[in-house]
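1. Have a look at this fold, sequence not included:
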């Protein structure tokens, strides 16, 4: 199983962080679009690392024209010598219209399928001289002149993943993408019963197999060196679950486990500004279904018990601020990497 870390949002902190993660044996790093542009962070990470894969987890696609993202990805892919993994997300209507000030379309999955297809059409014209002749319902690419064409690169196209919570986006991932990034608010049962069958259906449509595809999960992890640290991390994880659980996008995940009214209850509390009370709505049973809970010593075994055979890569953030913590982090990362991948994923 591959292991990824999240780099800091502070650009000045990224060089030391990626050098440390590389020395600890991580397979890759990702940047988040949380108050900062994730592509800027990836460029910094590319400059200060040599082996790490470089991913966005995730870049919000719809506020950005495909050409804008295609250019950024092309440059980073060239500069990093082929290490980019472009993770795309759709976001929800409120953020797209009120935060990004752009247009929303209800058919998010078909729009994302067209977005990824348009990206690949742009790259195909740059790399192989294909005609600029993509015409879709939401996007078009029918013009490229020599001075705006960056030309071919010595690497393959960037790998593209999408974030999928529902079965429709999971099918799109299987049909047109190289992988999927599953959100932390998830459960092994939901992956098995809802997401994997949809991914397989998409792969079948594209004539590919599971071995052509990578599943990454940013799972919620509550961990610590001692029981006291673990308890503190559990409460922090409970708050994270409550925060994301207040979003209607995750309704289907919670409904599968019989928690049908949790989202509406948490959403109402968030609107009322009762953020500090929301964690109390997340029971221990919910925690056990939605999070990996273990001390550092037991963490690799618990990750394998919950996610072994389901995912190929996990996001795992471990403290490494002194030699003892670095040694422990190196051991935990190496132990997780010994967990067999669900399948032999693409490199």
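-> Here it is on my side, so go on. Values in this document were obtained by computation on a predicted structure and should not be read as measured data.

2. What is the neighbour count of residue 157?
-> 19 (other C-beta atoms under 10 Å). The way it works is simple: take the backbone N, C-alpha and C, and place the C-beta from them, glycine included.

3. quick one: contacts for it?
-> 77, 120, 123, 127 (C-beta atoms under 8 Å, 6 or more residues apart in numbering).

4. Look up phi and psi at it.
-> Note on residue 157: backbone dihedrals following degrees, to the nearest 10 are phi -50, psi 150.

5. how close does it get to residue 116?
-> 11 Å (C-beta to C-beta, to the nearest Å).

6. Need the contact partners of stretch 302-319.
-> Contacts of stretch 302-319 (C-beta under 8 Å, 6+ apart): 1-6, 27-28, 30, 57, 179, 182, 188, 191-192, 196, 214-219, 221, 223, 292-294, 296, 325, 328-329, 332-333, 336, 339-343, 345.

7. Got a PyMOL select line for the buried ones in the residues you listed?
-> In PyMOL, a selection of the buried entries from these looks like this (16 or more other C-beta atoms under 10 Å):
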select buried, resi 1+2+3+4+5+6+27+28+30+57+179+182+188+191+196+214+215+216+217+218+219+221+223+292+293+294+296+328+329+332+333+336+339+341+342+345
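
8. So which of the contacts of stretch 302-319 are in helices?
-> Residues of those located in helices (DSSP state H): 188, 196, 325, 328, 329, 332, 333, 336.

9. Could you identify the most distant pair in those residues?
-> Among the ones in helices among the contacts of stretch 302-319, the pair separated by the greatest distance (C-beta to C-beta) is 196 and 325, at 35.3 Å.

10. Leaving out sequence neighbours, find the closest residue to residue 14.
-> Closest residue to residue 14 apart from its sequence neighbours, by C-beta to C-beta, 6 or more residues apart in numbering: residue 44 at 4.4 Å.

11. okay, the one you found: pLDDT?
-> At residue 44, the model reports a pLDDT of 96.

12. Outside of whichever helix or strand it is part of itself, list whatever touches it.
-> Element membership for residue 44 (DSSP states H and E) is helix 38-47. Applying C-beta under 8 Å, 6+ apart, the contact partners of helix 38-47 are 7, 9, 11, 14-15, 18, 29, 31-32, 52, 54-59, 72-73, 76, 79-80, 83-84.

13. Buried ones from those, can you make that a ChimeraX selection?
-> Here is the ChimeraX command that selects the buried residues among the contacts of helix 38-47 (16+ other C-beta under 10 Å):
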select :7,9,14,18,29,31,32,52,54,55,56,57,58,59,72,73,76,79,80,83,84
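
14. Go through the contacts of helix 38-47 and flag which are in helices.
-> 14, 15, 18, 72, 73, 76, 79.
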